[in-house]
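> How does the following fold in three dimensions:
(one chain, ligands or ions: 2)
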Amino acid sequence: MAKKVLIDTDPGIDDSMAILTAFNSPELEIVGLTTVFGNSVIENCTANALRLVELARRPDVPVASGAGRPMVVDAELIAAPVHGEDGMGNTHLPAPQGQPVGMTAAEFIVKTVLENPGEITLAPLGPLTNIALALMLEPKIAGLVKEVVLMGGAATVPGNISPVAEANIFHDAHAAERVFGADWPVVMVGLDVTTRVMMTPAFFDSIFKADTPYTRLLQKMLPVYQGFHHDFYGMNGSVHTHDPSTITYLLRPDFFQTEEWPVHVETTGRCAGFTIADRARQWGDRRPARVCVGVDAVAELGLLHERLTRY
Ligand code: RIB
Ligand code: CA
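Ligands and ions are numbered 1, 2, ... in the order given. Here you go, the predicted model:
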């Protein structure tokens, strides 16, 4: 029985790799994509999600457009140098054929969870605004969601958008605090593991040999993303594997080592977006999240290579 997954996303170059990997994985049934601001403005993220379901020849998969800004404070959107002005590496792809469904992302999340009690895994790959709004719209979903497996946070390593904050959490720290503070099973796939999985130029050259519509899109999108990783980290064409690692966790959680730590999110000041793992439970009895602290990077890259080259 395939795992029913609802992906919340801000595509996004690594989001695109994650979504295409998910569509190429029969172990997963993608019940919908919900979009959120982050790697670009919401209009681009929604259009890019529609482009991806069409590229995947899955126009039947609904796309619901979501939040265009954080819940409380406006975080500065500085993603263009990372993902391009269009969110897809300045590929400026043709407009999608389809349209988003006529409800918001939060409404779509609530409807899908209520219609499939205990069966839906939420896979947020961007700021957690839609997830928090869905919790506020219908708090019951906390007890009806199978699992929340999110890309975000940094428990044992520095941040990427600030010395302490990872980008998805930083872009809506108030939403993240609600998500980590709710009584539901959360898995945090953070920078602790995603920065240990490096897609190298040799990895990409090998993928490009498959010469499929997926790999041709990746080949066009990646230079902007590789350029950011070189300018910021000096990575010479390699990139971190953020969102695809979340899909890997859905497919092979045994590739990861985890700890059960309550996670609190700082929401104000210069440390906003800091995900604090309360290892000794000094701040009370918040439900622990399953925090990924280790990964078999070779195994993960082998799986991603195999799935990204299918068509
Ligand atoms: O920090 C990495 C995360 O921020 C990824 O989800 C990437 O797509 C961006 O959204
Ligand atoms: Ca993302």
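> List of residues touching the lowest-mean-pLDDT helix or strand in the chain?
One helix or strand of the chain scores below all others by mean pLDDT, DSSP states H and E: helix 80-83, with a mean of 85. Residues from elsewhere that reach helix 80-83 (C-beta atoms under 8 Å, 6 or more residues apart in numbering): 12-13, 39-40, 89, 224-225, 228, 231. Every C-beta, even on glycine, is put in place using the N, C-alpha and C of the backbone.
> which among those end up buried?
12-13, 39-40, 89, 224-225, 228 (16 or more other C-beta atoms under 10 Å).
> which one among these gets closest to ligand 2?
G12 (4.5 Å; C-beta to the ion).
> so that closest one touches T46, yeah?
No - at 11.6 Å, G12 and T46 do not qualify as touching, with contact defined as C-beta atoms under 8 Å.
> related to what we said a few turns ago, return the subset of the contacts of helix 80-83 lying in helices.
13, 224-225, 228, 231 (DSSP state H).
> May I see those organised as CSV, with pLDDT and distance to ligand 2 added?
Output for these, formatted as CSV (pLDDT from 0 to 100; distance: C-beta to the ion, whole Å):
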residue, pLDDT, distance to ligand 2
I13, 98, 9
V224, 95, 15
Y225, 96, 12
F228, 94, 14
D231, 95, 19
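> Looking at these, which is nearest ligand 1?
I13 (7.2 Å; C-beta to the nearest ligand atom).
> who's in contact with the closest one?
Contacts of I13 by C-beta under 8 Å, 6+ apart are 39, 82-84, 87-89, 221-222, 224-225.
> Apart from its chain neighbours, what residue comes closest to it?
Y225 (4.5 Å; C-beta to C-beta, 6 or more residues apart in numbering).
> Make sure that neighbour is actually in contact with V239.
Yes - using C-beta under 8 Å, Y225 is in contact with V239, at 5.6 Å.
> So which residues on the chain come close to ligand 2?
Residues of the chain found near ligand 2 (C-beta under 5 Å from the ion) are 10, 12, 15, 125-126, 243.
> what subset of those is also close to ligand 1?
On the criterion C-beta under 6 Å from any ligand atom, 10, 12, 15, 125-126, 243 are the entries of these that sit beside ligand 1.
> Can I get the residues you listed in TSV including pLDDT and secondary structure?
TSV is the format used below for these (pLDDT from 0 to 100; DSSP: H, G, I helix; E, B strand; the rest coil):
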residue	pLDDT	secondary structure
D10	98	coil
G12	95	coil
D15	98	helix
L125	98	coil
G126	98	coil
D243	98	helix
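> Pick out whichever of the residues you listed sits closest to V157.
D243 (17.2 Å; C-beta to C-beta).
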